[in-house]
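K.L.:
sequence unknown, structure follows:
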């Protein structure tokens, strides 16, 4: 088969699938944004990066921007067809940035498969979930409807789609849900595993080791979507009641989802202004973004791993923390409940209840007698349902190959 991956940040969600298909003898090529400098496991071609789209309509801005990217991706695809004679049997893409919108016009005979990460909704997801940060208004819902157009079109055009969790698949309307299978990206449970010898060196030279009283918090960005504000407001009590605890946070000060605060340069700045006076900041360590090995060391070192999220895309950090055998205190929100059952393989608390969160964190840091059982059960959950090599990757390969010309 000839297989084309299309992703502006390739390999994106396909770091294992693309090389695995190539290893099986398929001709695998990726089409990506010219500014993407990430190492690629397969041959890469690039399309011209889009310029910022100028539009006076807030409602049409998202579609205009993504349609422009789709046009440039299609022009790159056309060059592959006309100059190089490339005709894929299967195209695999992420519709989130519009790249797949026009590919059927270039290769109408190819099977189009997409990664259905999440469908925006006006109710029941992130919109209006946190009234303090983003109160639900009619205008917000109008914008949400408008910014869903390219996602709906992307899945509608596709022959089939996959989503990493059932929650994410079920975010799409019933008319499209039948196209979407649930296949997680997969966790390398051999690499992401408990390590009693794990250690993490802090910027000041202090070394934290497995078994120390460490509370970990990980997010791509420190922001409300991942409960950073709730976590920070719970910390004063946690540090008072656990005077030897060290808190380590990984994540940038920027914003990945939602917006910046109106009264501060970042959510970290805002929350430190609010609760910093009640914290022993010598025991709270903000590491920013770190190399993967340092991130993994924190998962292995932490006595308690806190994961909070709006009803939204589930973070890889939760599945990897569970694979590392972490004692997880998570938010009792729908995407988390898909993996964690309270008292069976972790602890769940209401997202907005900072007192319940503090109680759960203190319980874990103090040495919950159930911790060994919960840690083992968390890892078993991932090994039995989300393991990369034995489960997820073989399923993904079978899925792609089922659309081959000989099937």
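P.N.:
Arrived safely, thanks for sending. Computed from a prediction, not measured in an experiment: that's the story for all the values here. Residues are numbered from 1 along each chain as shown.

K.L.:
Please look at residue 5 and residue 22 and confirm they touch.
P.N.:
No: using CB atoms under 8 Å, residue 5 makes no contact with residue 22, being 10.4 Å away. Yep, even glycine has a C-beta here, placed from its N, CA and C like the rest.

K.L.:
So which of those two has more stuff around it?
P.N.:
residue 5 (27 against 16; other CB atoms under 10 Å).

K.L.:
OK, contacts around that one?
P.N.:
11, 14, 18, 28, 29, 30, 31, 42, 91, 92, 93 (CB atoms under 8 Å, 6 or more residues apart in numbering).

K.L.:
To which secondary structure element type does residue 348 belong?
P.N.:
Classification of residue 348 by DSSP: H, G, I helix; E, B strand; the rest coil places it in strand.

K.L.:
how far away is it from residue 336?
P.N.:
Distance of residue 348 to residue 336, given as CB to CB, to the nearest Å: 7 Å.

K.L.:
Which of the two has more residues huddled nearby?
P.N.:
Of the pair residue 348 and residue 336, residue 336 is the one with more neighbours under other CB under 10 Å, namely 23 against 19.

K.L.:
For the helix or strand harbouring the more buried one, name the packing helices and strands.
P.N.:
Here residue 336 is covered by helix 334-337, with elements defined by DSSP states H and E. Taking 3 or more CB pairs under 8 Å, 6 or more residues apart in numbering; DSSP states H and E as contact, the helices and strands that helix 334-337 lies on are helix 166-169.

K.L.:
Next secondary structure after the helix it packs on?
P.N.:
Once helix 166-169 ends, the next helix or strand along the chain (criterion: DSSP H and E) is helix 174-177.

K.L.:
so how far is that following helix from its chain's centroid?
P.N.:
Mean C-alpha position of helix 174-177 versus that of the full chain (CA atoms, centre = their mean, to the nearest Å) differs by 23 Å.

K.L.:
For that helix, give the mean pLDDT please.
P.N.:
Taken as a whole, helix 174-177 has an average pLDDT of 96.

K.L.:
swap in stretch 8-20?
P.N.:
Mean predicted confidence for stretch 8-20 is 97.

K.L.:
cool, stretch 382-392 as well?
P.N.:
Mean predicted confidence for stretch 382-392 is 98.

K.L.:
Check stretch 71-78 too.
P.N.:
pLDDT averaged over stretch 71-78 gives 98.

K.L.:
what does it contact?
P.N.:
Outside stretch 71-78, the residues within contact range by CB under 8 Å, 6+ apart are 4, 6, 31, 45-50, 98-103, 105-107.
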